[in-house]
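Q: All I have is the shape, not the residue letters:
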């Protein structure tokens, strides 16, 4: 049954999040049928319009395809926008091999004077929520991630635990912010002192630097990040 809470999403949104999580966790795989509308109504104690709205969201995002007379068939989950995947010497890396440490916990601060992207007056005046994360694959540091979120209507974000958590999931589930697209600049640079320390690379070893501005479903709200990648043992691919 869909969980209740003091701060509660609309019922259709709760059901959408529940079904999406079940698909992403492999409970329902490609080609499987989701429970019928009647079954979802009965189990979650919601109305048919609520179920249909949740299923419409899943269909619009490519998680399911509706077939008249058959039901909702699970598709291959779409790749997350802007999320890089791994290939090469350690192909077939599962979630159990990934780890994320928040090495600088989120806190509110002014934007840097010379920021990588142009900011609106409202963004500049509101400040940003800044944090740093280090991502490991098989206990080897691969990503050093600096994130900047405009400090606009993100209550209690600075108290959240970001260890082994997905930023995109937190924004979607708790703040109804969904990543829709974006732009990124990619360049190879010599490893800085911070990158040497966090990624464990030799001085001046080339690493990848990605500067990203992600668009969201919230009007004029963007997610910014600077990502340093150690590609010594991993090649990177993905859709953006």
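A: Yep, it's here. This is a predicted model, so every value here is computed, not measured.
Q: Do you have the helices of this structure handy? List them.
A: If you assign secondary structure with DSSP state H, the helices in the chain sit at 11-24, 37-44, 48-60, 121-126, 167-175, 193-199.
Q: Any figure for the gap between the residue nearest the centre of the chain and residue 205?
A: With the centre of the chain defined as its mean C-alpha position, the nearest residue by CA atoms, centre = their mean is residue 168, 2.6 Å away. Counting by CB to CB, to the nearest Å, the gap from residue 168 to residue 205 is 29 Å. In this view, the C-beta of every residue, glycine as well, is placed from N, C-alpha and C.
Q: for residue 183, same thing?
A: Using CB to CB, residue 183 is found at 27 Å from residue 205.
Q: nearest spatial neighbour of residue 70, skipping sequence neighbours?
A: With CB to CB, 6 or more residues apart in numbering as the criterion, residue 70 has its nearest non-adjacent residue at 7.2 Å, and that residue is residue 33.
Q: My guess is the one you found contacts residue 72. True?
A: Yes. Counting by CB atoms under 8 Å, a contact exists between residue 33 and residue 72, whose distance comes to 6.8 Å.
Q: Which of those two has more residues huddled nearby?
A: The residue with more neighbours, out of residue 33 and residue 72, is residue 72; 23 against 13, by other CB atoms under 10 Å.
Q: what's residue 30 in contact with, if anything?
A: When the contact criterion is CB atoms under 8 Å, 6 or more residues apart in numbering, the partners of residue 30 are 74, 75, 76.
Q: Quick check: pLDDT value at the residue of the chain most remote from its centre.
A: For the chain, the largest distance from the centre (CA atoms, centre = their mean) belongs to residue 69, which lies 34.3 Å off. What the model reports for residue 69 is a pLDDT of 81.
Q: And residue 79, by the same measure?
A: For residue 79, the pLDDT comes out at 48.
Q: With residue 186 instead?
A: 88.
Q: and what of residue 120?
A: Confidence score, pLDDT, at residue 120: 94.
Q: now do residue 93
A: At residue 93, the pLDDT value in this model is 45.
Q: rewinding a little: who wins on neighbours among the contacts of residue 30?
A: When neighbours are taken as other CB under 10 Å, the top entry among those is residue 74 (20 neighbours).
Q: What does residue 138 show for phi and psi?
A: Backbone torsions for residue 138, taken as degrees, to the nearest 10, come to phi 50, psi 40.
Q: number of nearby residues for it?
A: Around residue 138 sit 13 other residues, with neighbours defined as other CB under 10 Å.
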